[in-house]
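Q: 3D model of this:
(one chain, ligands or ions: 1)
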Amino acid sequence: MSSAVVGIIMGSDSDLPMMQAAAERLDMFDVPYEIDIVSAHRTPDKLHDYARTAEQRGLKVIIAGAGGAAHLPGMVAALSVLPVIGVPISATKLQGMDALLSIVQMPAGVPVATVAIDNAANAAILAVQMIATGDPRLRERLHVYKTELGDMVLEKSSKLRGLAPGDSAQ
Ligand code: RP5
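A: Residues are numbered from 1 along each chain as shown. Below is the predicted model of the structure:
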């Protein structure tokens, strides 16, 4: 069994420039992951094997990105009980609206947590949050991350108002 706890998959290598952000965020939190191309339409047998063996491989969450008809996240959710986070990719002339609607409109009983178009970074943060529910150290790192996010905004705010950070109340 590999040490990966998150599986990142995408329908095509053309999705990689967007999906790379998920890998970067998981690296940031030192969360081990595996990454692969699995196409719902072009490699359906591989999709079946991937989803059916994901749990026994030790995965806890799957991030699946796809564009166009975008059946990958939904099919993985159909074949596995692991939480699936879908990333709609802006791959066609519909600029991701097609993938967004395809991924988000899952039938009752088979959810896919869907993030914004091309927002693979948020998919990774959500995956880290899910894993952190059973990992206090990871949860602590998320607290630090949130504080840093806030600090960045406050710094920009101070800059905009011509103040040194901490010069005035928020
Ligand atoms: C989807 O079709 C993929 O996820 C990709 O976003 C889109 C286009 O794939 P390619 O034709 O670039 O391989 O299945």
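Q: Up against the ligand, what does the protein have?
A: By Cβ under 6 Å from any ligand atom, the residues of the chain that approach the ligand are 10-12, 14-15, 39, 66-68, 89, 91. Every C-beta, even on glycine, is put in place using the N, C-alpha and C of the backbone.
Q: Take these and keep only those in helices.
A: Assigned to helices by DSSP state H, none of those qualify.
Q: Can you tell me which of those residues is nearest Arg57?
A: Met10 (17.7 Å; Cβ to Cβ).
Q: Verify the stated contact: that closest one with Ala66.
A: Yes: between Met10 and Ala66 there is a contact under Cβ atoms under 8 Å: 6.7 Å.
Q: got any residues that touch both of the two?
A: Common neighbours of Met10 and Ala66 (criterion: Cβ atoms under 8 Å, 6 or more residues apart in numbering): 72, 89.
Q: who's more crowded, the two?
A: Set Met10 next to Ala66 and count neighbours by other Cβ atoms under 10 Å: Ala66 wins out with 30 against 26.
Q: Contact partners for the residue nearest in space to the middle of the chain?
A: Nearest to the geometric centre of the chain sits Ala123, at 2.1 Å (Cα atoms, centre = their mean). Taking Cβ under 8 Å, 6+ apart, we find Ala123 in contact with 22, 63, 65, 85-87, 115.
Q: does it count as helix, strand or coil?
A: Following DSSP: H, G, I helix; E, B strand; the rest coil, the label given to Ala123 is helix.
Q: Ile63 now?
A: From three-state DSSP, the assignment for Ile63 is strand.
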